[in-house]
Each structure stands twice: as C-alpha cells, then as structure tokens.
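Asks: Here's my sequence, what's the structure:
(2 chains)
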Amino acid sequence: MSILYVLIPLALLLLGGAVWAFFWAVGSGQFDDLDTPAVRIIMDDDEKPDDADQ
Amino acid sequence: MPTATESCFHCALPVPTDCDLTVDIEGNRQPVCCPGCKAVAELIRDAGMSRYYSMRDTPEPGVGRPSDEAAEWQVFDRDDMLQAFAEQGKEHAEATIYVGGMYCAACSWLIETTLTRLPGVETAEVSPVTHRLRVRWQQADAQFSTILSTLAGLGYQPQPLAPENTTRPELIEQRAALKRLLVAALGMMQVMMFAVGLYAGEFQGIDQQMQRFLRLVSFVVTTPVVFYSARPFFAAAWRGIVAKKPGMDLPVSIAVGSAYGASVYSTFTNGDAVWFDSVTMFVFFLTLGRFLEMRARHRSIDRSTALSSLLPNTATRITGDDTTIVPVSQLLAGDRVLIRAGDAIPADGAIESGDTSVDEALLTGEVTPQKKSRGDLVAAGSVNLDGQIEMRVLRTGSDTTLGTISRLSERARYTRPAFVTLADRIASYIVIALLAVATIVAGSWYFAAPERAFVITLSVLVVTCPCALALATPAAFAAAGSRLSQLRLLVTNGNAIEALSRATIVIFDKTGTLTRGLPQITSVMVLDESMTEYDCRLIAAALETASTHPLARAFAMSASLPKVSRHQVEVGQGVCGSIDGRRWRLGNANYVGGGAAIDTSVANSAATNVFLGVDGDVVAWFDIEDELRPDVALTLQSLDGMGLRTALVSGDKQGAVADLASRLGIANFHFECRPEQKLEIIEAAQREGERVVMVGDGINDAPVLAGADTSVAPAHGALLAQTNADVIMLGDSLEPLITAIRMSGKTMRIVRQNLAWAIVYNALALPLAAAGLVPPWLAAIGMSASSLIVVLNALRLSRFTATPRPFK
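Replies: A predicted model of the protein is given here:
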C-alpha cells in the first residue's frame, strides 16, 4: 500500500496541471461560446464544391 | 405550377403573382420572389452549398433576403475604421461582426464555409446563439470590406462590433464562474476517491498512518474548493450580515465553514471523522446551480445587445456642400445627415428635406411603411425605403428610441419585483429561524449523544438551506421576462407580471390603441365663407405642429406653413396659437367655441370632429377617422374568453366612442374624458376591488397609465421613447396583450408550484435531519436536487408559445 504515498501526490500534480490547462483555456476564450460546438458537430465539411476550380 | 400560397424558396416570402423567376436546385425548379433571392440562391448553389437548404430550419419569411442597396463597405478599409473595429496584428487582423438576419445553425455553416473560401481569410466562426462572427484574416491578401460585402451578398446584415463591445462583462462573469465550477468539480471527484478509501478503512481497518495521509490530501484538495469556489457564498453572506438581511448564503456559509473547520481540526488532532467529501459536494452542487442560473440570465442580455445592433455602421454627414462618411459613433445631436433610399437611419432625428416612407418594422413590428416628410420624426434603426432625405440629428446612441428600448428592458432586469423582495424578506426570517432550530438541535443532541451532535447539526444546516425557496420566484420571473421579449413584449417593470396575472378588467384607450393612431381627415366643413378648405388645413397643420396628440398626425402637410407664435397645448382640449396677430384655436367644440352652441347635426357621428376657430368664432370643422387595428375584435373575444371584463375610455365625443363600442361589443364605455376623468374612472373601479389593466399609448395618458395596476402601451415608432408603461407591445397588433396575460398567469402558477415544493421539501427534510436520519452527504444531494427542480420548473416558461389562434 505504500505505493499510494507516491501515486497520490503524483495524481495531485496531474490535477494541478489539469486545472492550470483549463484556466489557460478559459482565459484564452475557448469556453466563451458554450452553445455552438453542440451543433457544429452535425455539420461535416467533407463534401467538395461542385465546380472543380474552387 | 404556381399556386396562391407559393412562397419563395430562399426567403419564404410569398411570391408575387406576376413573378415567374425560378432557380434550379439539385434538379428541382424552385420559385423565388425577386432577382435578389434568385442571385443568392444561385450563389449558394454554384458554390456547392445547396445542402444549406436541406439543413436549415424553416425560415421566418423575409429573413435572408439580400438588401437591394450595395452598402458602402469600402469605408471599412480606412485605417481609422480598421482601428475602431478590428484588432490588428503584424500580418493578421481579427474582428467580431454581429450578423443580422441569421436564424439557425445552417446559416452559421453557410457563413463559415463561404468566408473561409475567400483568399486570405484564415478562420471564421459564428455562434448561432449570439449571432456573432469572429473572423481572422491576412491583411495582405484580404480586405475587411470584402468580408463584409460577402456577408451582405449572402443576404445577411453584417454589423462590425467595436472591440470594447466584445469583452462584455457577462463574458468575464462566465469565465470566472466556469473556473470556480471546474475547481469544485475536480476537487469533489478527488476527495470522493479519498473518501472511499477512508470509509472502506472504517470497516476493514486501516493503517493509522495511511488514514492520516488520506485525510491530509483531502484537506489539501478541499482547501481551494472552499476558499476559491465557495468564495462568492462567503462574500454574499457577509454582505447580508452587514445589511442586516441574512440571505440563504448565511446558512450555506456556516455549514461549509464549520464542516471544513471541524474536518481540519480533526485531521490535525487525529479526531474521529472528517467531512471533506460533504463539503466539496455541497460546494459543487451550489456552484452548478448558480452557473445554470447565470447562463439563463445572460441569454436575455444577448437579446438587448442584438437590438442595439440594428443601427447602421456609418452615416453620411453634410458639412456645408460637402458630405463625409463617418462612423455612427461620431454623430452628434445637431448634425445634418444624408440618408439614401434603402439605408437604415443612424440616429433619431427630424427630416429637414425630402419625402419618403420609412419601414419601422424592426422597432415596432408595424409592417406598413410610414409616410414621412419635412418635420416628421424618424427613429434610429428604421429603414428609409424610397426617397433620399436630409435629417437633423436629435438624439444619438443610447438616447435614441432604440437605446430606450434596451434601457427599459435593462431596467426591468434590475428592478426587483415587490413579490421577489417579499420572498427575500421571508427567506431571511426563515434563515434566522433555521439557525435557531439548528442551535436547538445541536444543544439537544449535545446532551443526548454528544459524539453525534456535530454531524446532525451539519445535516440540518445543509438539508434545510432555503436555496429552493429563494430561487423559486426570481428564476421564474427571469425566464418569463426573457421569453416575453422574444414574443415582442417588453416588460419594463418587474411587478408587471404579478399584477397582470391578477387582472380583472382591461380598460382601453381608443385613439392609437384600439385604432392604429393614423387618423386621416375624411371631410372638411368650412363655415366661414371668406376662407377656403385649403386655408383651414394650412392653419390647422401649423397649429398642430406643437402637439403630440395622435390626431395631430392627420393634419400634417408638406406645404410651407404659416408661422405660429405663442403656441399653447391644453391637454385633452386642443391647441392654440397666434397667426398674423389673430388667436386661433383647434380642438373640441367646448374649447374652440367657448361653450357657444355649434350646430353639429350634419356631422358624421362615427368620426371625430375637430373644430378650428379664431377669436371665439368657429370657422371650420374636420371629420377625422382612424382605422381600427387589425385584430381588435379577436383580442376582445379572447379577453372575454379568459373571463376578463373590458371597458373603453376615450377623450373622443359620444358618437364616435359609442359607435366603436357597439361595433366591438364593449358595454362599458366612457366618452369625452379628460385625463383626470379617465383616472377617476380607474380609481372608482379599483375602489370596487377591480384590478385594472390600462391599455393606452401613454403619451397623452401618462397619469392614467400610472394610476392603473398595470399599464400596457402599444409602441409607436419615434414616440416610443416617451412611453413609460409597465409593458410595451412592439407591433401593430393587440394580440401580445393576450400572450402577456396568459404568460403572467402561467408564471405565477409556476412560482406557486416552486414555493409549495420548497416548503414541502423543507418541512419533510428538517425533522428527518434533526432526528439524525440524514447523513451530511445525503443532505447535500437533497438540497441540491430541490434547487435544481425549482430552476428546471422555471425554465419550462422559456418554451411558452404565443397565443394560438382558435378563431381562424
């Protein structure tokens, strides 16, 4: 069980990293729009334009 | 194969019968209503984006129709404009654009796909909810004006937003709330894991050292949850104490603070138990509830920002003989601006020269274009349809009618309805009572079983948190207000919803309320043979320039008018003024004739008679008739069906009022009322126990509207700014009144359900917790579930649909 003394602090470090990453993402505006991504997923872009020169 | 009900494939407006334009989409010939729509549909097809038509929702008619006028987008490539509207880097520039005219997710797909195909455009992202486009382009390869004109070419109305408008305060609030929520969520998950270990240890036995270690890491993780995520609760509780009005944040803070404190103490003294898991869970659920409530609030703010985005971006200012194009933000009152046909009007102002008709539909919903000529007022945000006009700017920015609409809806958001204040006061008594109960419970258990006293007191504090009670009313009112504004009803007074739901009688004003307020002179009787009909009309028109009475609009003429001095307006009577040294009066028979008998036997009794006199002699009278609003009869029928009485009060004479009342089936009518008499009628009804809704235009009836329990005003373009009613109906029809009353009833029903639920929940949970049957973690779940139920119940109001039309 003594492995926990290593693993739990390690988990806390990862947690700190995750919080830092999330704070950075929020600060850079990635979470400002919480509604669009939900509908964006249903629009796929794989269809090519009809005319070849585009 | 054209049929009568054929609608345009692109914009859904009816196709004119003499129009046979079609467009070939995916092998089918589809009808379109105009060359513009044809061009846009072909543009979309040729770009290989026909799928737009299968992806989109059914459009509102007219949306997406391209504007006829190629707007002057070039001006946005000027350095000062770029500086104002874009954030420029070394090679890139970014801008936020409000896209008017989009209505669903397919629009955002179309916009993004079209823009990213432009050379030099790197990214384009549109939110279908806020209608905001964020676009980033290479300055060397693309121009701002190209982006804007591409959007306009697709049939949208692009509106660049200045960068300071984009970092909105609600965005900052949302970012902070998200961070708090995440810290609480991650913290809760971690502490739960450690708690599983600790609980398992209770049963299986655990190494003393490991137990201390797990408690210590729980403490480390819980600390930021308490001091960062829960800080708003502590701050609000403290504000409540300072203001001597303890709110629901106080017991929350006590529960969180004491559980945390006791756990910390227990951790460092090897005590019996820790409650870090309950603390983090409680904070997480509370933060989640607040977050959902905040999001609902922000949606209604987006609406009013959208409203103020109806203004054009630039205006053509006239200085001497020159014209310059300036950003609208630089316009000042007193400036002269040139407005070409098809342009939106940039500020409130008066027309100096030119005749035109103006589309005020965006502002008032009135679909018929309004004729405007010299001297008429026009409102910012309306569209100049056919003539070129020069306008003197009277009000700009937030002072305009449009700004007033935003401000009024703002006001409603910030005035707390009496009902909510009452609920808050009750909640604060409940808080005090709960604290007392908790103390008694703690005391009793201390003597009965001291080792359980703390846990049970903690459960009592958490489970009885009156969050649901405090959220019950404001959540429902916020949802109702936001939904009503989507249904073209502006609630400007927070008390209006409750008052409307209790209404027993609806009193209508006649002119401008039941009628359109666009009176016209139908005949002129000239009594003085030395004068012609034209002379009388000229003098009347000159006298009426000072009046804001709805009837005054009938007299407006575009000819040059004689000069009037010593203008005076008698409310409810008429106007007088001196022309060439003679004292003219225009108004009702009494006012003009000074009580002398006037033979009106030949007058048309259905029309309103307005008399023109000079020095006490009547020289002419005008028959004025005013068209009824389209759905008056239907509205009255619906009111009747809802069990509401109706009445009519008017300043008009008996014939006109009685005629209208009998046509509409209103038994209770009053005529020839001055404003103070109208007020007396309302007060008399109130003394009989009636709850009065007064529907009037609010311009001549301000005191009457103020005297009623609720006042409702139909909005009239440029005059809207003077209206101060509790509820403003944007539009030509009276039908929103029915919607408002039905919605208010539903809102109050939901408030009552919420309150009943909150009270029942607390009444059941308190004894169970006091008896020691509810552990703290269950208490946290119970309390959160009860608040969530209340909020979700309130959100049902945002799906309320406008009045169905059973009579069609």
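Asks: Where does the residue in the stretch 1-150 of chain B positioned nearest to chain A sit: helix, strand or coil?
Replies: Nearest residue of the stretch 1-150 of chain B to chain A, counting by CB to the nearest CB: B:Gly48, 3.3 Å away. All C-beta atoms are positioned from the backbone trio N, CA, C, and that covers glycine. Following DSSP: H, G, I helix; E, B strand; the rest coil, we place B:Gly48 in the coil state.
Asks: If we go by neighbour counts, what in the longest helix seen in chain A is buried?
Replies: Among the segments of chain A that qualify as a helix by DSSP state H, the longest is helix A:4-27. For helix A:4-27, a neighbour-count test (16 or more other CB atoms under 10 Å in any protein chain shown) marks A:8, A:11, A:15, A:19, A:22, A:26 as buried.
Asks: got a list of contacts for that helix?
Replies: By CB atoms under 8 Å, 6 or more residues apart in numbering or on different chains, the residues outside helix A:4-27 that reach it are A:31, B:175, B:178-179, B:182-183, B:186, B:190, B:194, B:210, B:213-214, B:217, B:220-221.
Asks: residue ranges with poor pLDDT in the stretch 301-450 of chain B?
Replies: Across the stretch 301-450 of chain B, the ranges flagged by pLDDT under 70 are B:301-313, B:342, B:360-369, B:398-399, B:401-425, B:427.
Asks: From what I see, B:His92 and B:Gln138 are in contact.
Replies: Yes. The criterion here is CB atoms under 8 Å, and B:His92 meets it with B:Gln138 at 6.1 Å.
Asks: what's the distance between the residue nearest the centre of chain B and B:Ala740?
Replies: The centroid of chain B falls nearest to B:Ser485 when counting by CA atoms, centre = their mean (3.9 Å). Per CB to CB, to the nearest Å, B:Ser485 is found 11 Å from B:Ala740.
Asks: shared neighbours of these two, which are they?
Replies: B:Val491.
Asks: quick one, the one helix or strand B:Met192 maps to and helix A:4-27 angle?
Replies: B:Met192 is part of helix B:169-204 when elements are defined by DSSP states H and E. For helix B:169-204 against helix A:4-27, the angle by axes from the mean of the first three to the mean of the last three CA atoms, to 10 degrees is 170 degrees.
Asks: re earlier: any shared contact partners between B:His92 and B:Gln138?
Replies: B:Glu122.
Asks: More neighbours: the two, which one.
Replies: B:His92 (17 against 13; other CB atoms under 10 Å in any protein chain shown).
Asks: quick one on the thing from earlier: wait, the residue nearest to the centre of chain B touches B:Val491, no?
Replies: Yes. At 7.4 Å, B:Ser485 counts as touching B:Val491 under the criterion of CB under 8 Å.
Asks: and the residue of the stretch 1-150 of chain B closest to chain A, how many residues sit next to it?
Replies: Neighbours of B:Gly48 under the rule other CB under 10 Å: 15.
Asks: Tell me the confidence at it?
Replies: In this model, B:Gly48 is scored at 71, pLDDT.
Asks: List phi and psi for B:Asp24.
Replies: phi -90, psi 100 (degrees, to the nearest 10).
Asks: before we move on, what about B:Leu21?
Replies: The phi/psi pair for B:Leu21 (degrees, to the nearest 10) is phi -70, psi 140.
Asks: Which parts of the stretch 151-300 of chain B are strands?
Replies: Assigned by DSSP state E, counting those that start in this stretch, the stretch 151-300 of chain B shows strands spanning B:157-161.
Asks: Output the below-cut-off pLDDT ranges for it.
Replies: Looking at the stretch 151-300 of chain B by pLDDT under 70, you get B:162-169, B:293, B:296-300.
Asks: The stretch 451-600 of chain B: helices as residue ranges?
Replies: B:467-486, B:496-501, B:533-544, B:552-555, B:589-593 (DSSP state H, counting those that start in this stretch).
Asks: Next, format the ones you listed as JSON lines and append mean pLDDT and distance to chain A.
Replies: As requested, the helices of the stretch 451-600 of chain B are exported to JSON lines (pLDDT from 0 to 100; distance: least, CB to the nearest CB, whole Å):
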{"stretch": "helix B:467-486", "mean pLDDT": "75", "distance to chain A": "15"}
{"stretch": "helix B:496-501", "mean pLDDT": "84", "distance to chain A": "27"}
{"stretch": "helix B:533-544", "mean pLDDT": "82", "distance to chain A": "51"}
{"stretch": "helix B:552-555", "mean pLDDT": "72", "distance to chain A": "44"}
{"stretch": "helix B:589-593", "mean pLDDT": "76", "distance to chain A": "59"}
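Asks: how far away is B:Glu91 from B:Arg374?
Replies: According to CB to CB, B:Glu91 stands 51 Å off from B:Arg374.
Asks: Compare these two (neighbour count), which wins?
Replies: B:Arg374 (18 against 10).
Asks: Does that one touch B:Thr356 like I think?
Replies: No. In this structure B:Arg374 lies outside contact range of B:Thr356 using CB under 8 Å: 10.6 Å.
Asks: which regions of chain A sit below the pLDDT cut-off?
Replies: Chain A contains residues with pLDDT under 70 at A:35-54.
Asks: run the last query once more with 90
Replies: Low-confidence segments of chain A (pLDDT under 90): A:1-4, A:27-54.
Asks: Hmm, B:Met81 is touching B:Pro327, no?
Replies: Yes. Between B:Met81 and B:Pro327 there is a contact under CB under 8 Å: 6.6 Å.
Asks: OK, now which residue of the stretch 701-808 of chain B is nearest to chain A?
Replies: For the stretch 701-808 of chain B, CB to the nearest CB, closest residue to chain A: B:Ser798, 14.1 Å.
Asks: okay, now that residue: neighbour count?
Replies: Counted with other CB under 10 Å, residues neighbouring B:Ser798 total 15.
Asks: Which pLDDT value belongs to it?
Replies: Looking at B:Ser798, its pLDDT stands at 78.
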